[in-house]
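K.L.:
Predicted structure and sequence below. I'll ask about it afterward.
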Amino acid sequence: MNRTDPTQLRIWQQNLNKSLTAQLHLINTARPHDWDVLVLQEPWIGHAGTRSSPHWRVLYPNTHFADNSKTQRSLLFVNTNIPTNSYEQIQFDNADVTGVRIAQDTRTTILINVYNDCNHNKSIDSVGEFLEREFSDDHVPDDINLIIAGDFNRHHSWWEEDRNAHLTSSEVSLRPLLDLVYRFDLRMALPPGRPTLQALSTGNWTRPDNVWCTSHTLDLFTRCDTDPGLRGPNTDHVPILSVLNTPITRNEKTPTRNFRATDWTEFSAHLDAILSNAPEPRRLSSNEEFQAALNIISASIKSTIEIHVPMSKPLPHTKRWWTQELSNMRKRKNRLSRESYRWRGLPDHPSHQQHRDASKEYAALIEKTKRTHWEE
């Protein structure tokens with residue numbers, strides 16, 4: 001993937017089951033030069049906030065700062081290479097809904113992340129109220145890309161496989177979501193029949209997650225599909241990866257000097273040698289003499305920095321405790337995950353147990369490696 005491509009918006013969506021291990025897997029897998037926004041449902045959130053990295057800006061629900069003791073099941077991670085003056089957070093008075101509005105030349109993308117509870121539709125209602133205020137005539141203009149992604153916890157024959165007909169949600173629970181779809185003429189970007197969750201207890205594959213968008217936005221999707229191989233440990237959801245052909249502004253990271261790695265003995269010796277060839281110190285009697293002396297000092301320091309202060313290396317997207325062993329284990333786990341998904345129609349196929357074992361081993365290695373690093 002080309003992070004410098006200004007015509008594509010890349011979105012990684014996943015439910016993490018509130019697992020720190022699953023979130024650490026995601027942070028160390030989703031490379032920031034490949035993805036622009038991470039859309040997370042049920043993330044891990046501790047007393048001081050969630051776990052991220054310097055490459056992402058975390059957009060919490062509006063309620064987080066008012067009362068962070070409430071359960072929050074929706075987060076957005078926005079890549080730091082997207083200028084902050086090109087997007088703004090959309091405020092929802094709901095701990096399970098987050099949103100962002102990204103301005104792109106003459107177009108705007110509205111991305112809403114929803115976690116909808118199994119027992120009520122408060123999140124859907126919050127989204128509906130926002131859209132009603134934003135588009136009072138129920139029409140989304142062609143220059144606005146509207147995307148509503150998340151875990152809706154609703155089952156319907158539109159998107160579920162036929163074999164899961166017994167899971168169809170009641171008309172009462174489905175009505176708010178379907179009304180929203182009808183009212184704003186939404187389409188499914190993720191093709192029907194793509195399962196997004198494997199129940200940990202039964203192993204059955206279902207489709208609670210979805211990606212909805214307006215009809216004119218659907219034409220911009222060049223990719224919207226699941227990748228079972230990237231599913232992390234301790235979560236039963238697989239990621240949904242989307243790519244849209246729509247312009248987006250990104251900052252190019254400029255290289256900086258690493259003053260911490262400087263040999264200050266050599267630096268001082270070099271600077272002394274340069275200044276020893278400068279005119280002897282004397283009282284300055286005019287502004288011109290002051291400016292001349294200042295220029296000599298500035299030029300001496302600048303040339304010394306260029307010679308003796310090394311350039312900083314780009315920050316790796318992985319945590320400092322991440323090892324090659326973990327990367328190798330992740331590759332093995334990802335391969336077995338794809339193999340297990342391929343044979344999902346055969347519950348007794350040996351690939352399922354192999355994947356479960358590899359996932360447990362991988363999760364344990366993450367915890368062990370992190371703990372050992374910080375103890376040392």
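P.N.:
Noted; the coordinates are in hand. Numbers count the residues shown, from 1 in each chain.
K.L.:
Just to be sure, residue 93 is in a helix?
P.N.:
No. Applying DSSP: H, G, I helix; E, B strand; the rest coil, one finds residue 93 to be coil, outside a helix.
K.L.:
I'd assumed residue 163 was in contact with residue 157.
P.N.:
No. Counting by Cβ atoms under 8 Å, residue 163 is not a contact partner of residue 157; they are 11.1 Å apart. Glycine gets a C-beta too; all of them are placed from N, C-alpha and C.
K.L.:
what residues are up against the closest residue to residue 263 other than its chain neighbours?
P.N.:
Once flanking residues are discounted, residue 263 sits nearest to residue 308: 6.6 Å by Cβ to Cβ, 6 or more residues apart in numbering. Residue 308 makes contacts with 262-263, 266-267, 270, as judged by Cβ atoms under 8 Å, 6 or more residues apart in numbering.
K.L.:
Could I get the residues you listed in CSV, plus columns for pLDDT?
P.N.:
As requested, the contacts of residue 308 are exported to CSV (pLDDT from 0 to 100):
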residue, pLDDT
262, 91
263, 93
266, 94
267, 93
270, 94
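K.L.:
Neighbours of the nearest residue to residue 262 once chain neighbours are set aside, how many?
P.N.:
Leaving aside its sequence neighbours, residue 262 sits nearest to residue 309 (Cβ to Cβ, 6+ apart; 4.9 Å). Residues near residue 309, counting by other Cβ atoms under 10 Å, number 18.
K.L.:
can you tell me how far residue 309 sits from residue 264?
P.N.:
Per Cβ to Cβ, to the nearest Å, residue 309 is found 10 Å from residue 264.
K.L.:
what do you get for residue 97?
P.N.:
51 Å.
K.L.:
same question, residue 36
P.N.:
Counting by Cβ to Cβ - residue 36 and residue 264 are separated by 40 Å.
K.L.:
just residue 45 next, same as before
P.N.:
Distance, residue 45 to residue 264, by Cβ to Cβ: 42 Å.
K.L.:
Counting neighbours around each, name which of the two comes out higher.
P.N.:
Neighbour comparison, residue 45 and residue 264: the larger count goes to residue 45, with 20 against 10 (by other Cβ under 10 Å).
K.L.:
what's the helix or strand for residue 243?
P.N.:
strand 240-245 (DSSP states H and E).
K.L.:
Show me what counts as buried in whatever helix or strand comes next after that strand.
P.N.:
Sequence order places helix 264-275 as the next helix or strand after strand 240-245, per DSSP H and E. For helix 264-275, burial by neighbour count (16 or more other Cβ atoms under 10 Å) applies to 267, 270-271.
K.L.:
Show residues contacting helix 264-275.
P.N.:
296-297, 300-301, 303-304, 307-309.
K.L.:
As a check, name the ranges of all strands in the stretch 201-350 of the chain.
P.N.:
205-206, 209-214, 221-226, 240-245 (DSSP state E, counting those that start in this stretch).
K.L.:
ok, back up a step: who touches the strand holding residue 243?
P.N.:
By Cβ under 8 Å, 6+ apart, strand 240-245 touches 7-14, 109, 145, 147, 149, 189-190, 196, 209, 211, 217, 220-227, 230.
K.L.:
can you tell me which of those residues are in helices?
P.N.:
Among those, the members found in helices (DSSP state H) are residue 217.
K.L.:
Buried among the contacts of strand 240-245? Need that as a selection in ChimeraX.
P.N.:
Typed into ChimeraX, the line below selects the buried ones among the contacts of strand 240-245, using 16+ other Cβ under 10 Å:
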select :8,9,10,11,12,13,14,109,145,147,149,189,190,196,209,211,217,220,221,224,226,227,230
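K.L.:
That concludes my questions; thank you for your assistance.
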